[in-house]
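Peer 1: Here is my input; please provide its structure:
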Amino acid sequence: MRATEKYELIRPILREEKSVKQVHKETGVPISTLYRYLKRFREGHGKIESLADKSNAPHSNPNWFTEEERSLIVQYKIAYPERSARQIAKDHFRKLKQDDSQR
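Peer 2: Have a look, this model is predicted:
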């Protein structure tokens, strides 16, 4: 659903023309969803853009490789093309464990 459509759903609530329950009964949109739209709209300072869909993708992942690690893995793969991704990961993990134990 587009941001403008979400706004049209909550507009009667914002204008105090209808209650959340009335809009729910008329549209079939769950009450929790209507409250979520209202919250996002208010936290977005009344901007319709605040109702736009947001990505659920994580902004970071602790398991992602750094650029340096990625470069080393690519170099390793070029040097040992017969090694599978699983074998490279296993070797990489083994090397990390050795580095940690030497500290």
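Peer 1: contacting residues for Pro30?
Peer 2: Pro30 makes contact with His24, according to C-beta atoms under 8 Å, 6 or more residues apart in numbering. Where you see a C-beta, it was placed from the backbone N, CA and C, and this is true even at glycine.
Peer 1: for it, phi and psi?
Peer 2: phi -60, psi 150 (degrees, to the nearest 10).
Peer 1: now it: how far from Ile48?
Peer 2: 21 Å (C-beta to C-beta, to the nearest Å).
Peer 1: May I have the secondary structure class of the closest residue to Arg40 other than its chain neighbours?
Peer 2: Sequence neighbours aside, Ser50 is the residue nearest to Arg40 in space, at 5.2 Å (criterion: C-beta to C-beta, 6 or more residues apart in numbering). Three-state assignment for Ser50 (DSSP: H, G, I helix; E, B strand; the rest coil): helix.
Peer 1: Verify the contact between Ser50 and Lys39 for me.
Peer 2: No: Ser50 lies out of contact with Lys39 (C-beta atoms under 8 Å); the separation is 9.6 Å.
Peer 1: Mutual contacts of these two, please.
Peer 2: By C-beta under 8 Å, 6+ apart, Ser50 and Lys39 have no common neighbours.
Peer 1: More neighbours: which of those two?
Peer 2: Taking neighbours as other C-beta atoms under 10 Å, Ser50 and Lys39 compare with Ser50 leading, 18 against 11.
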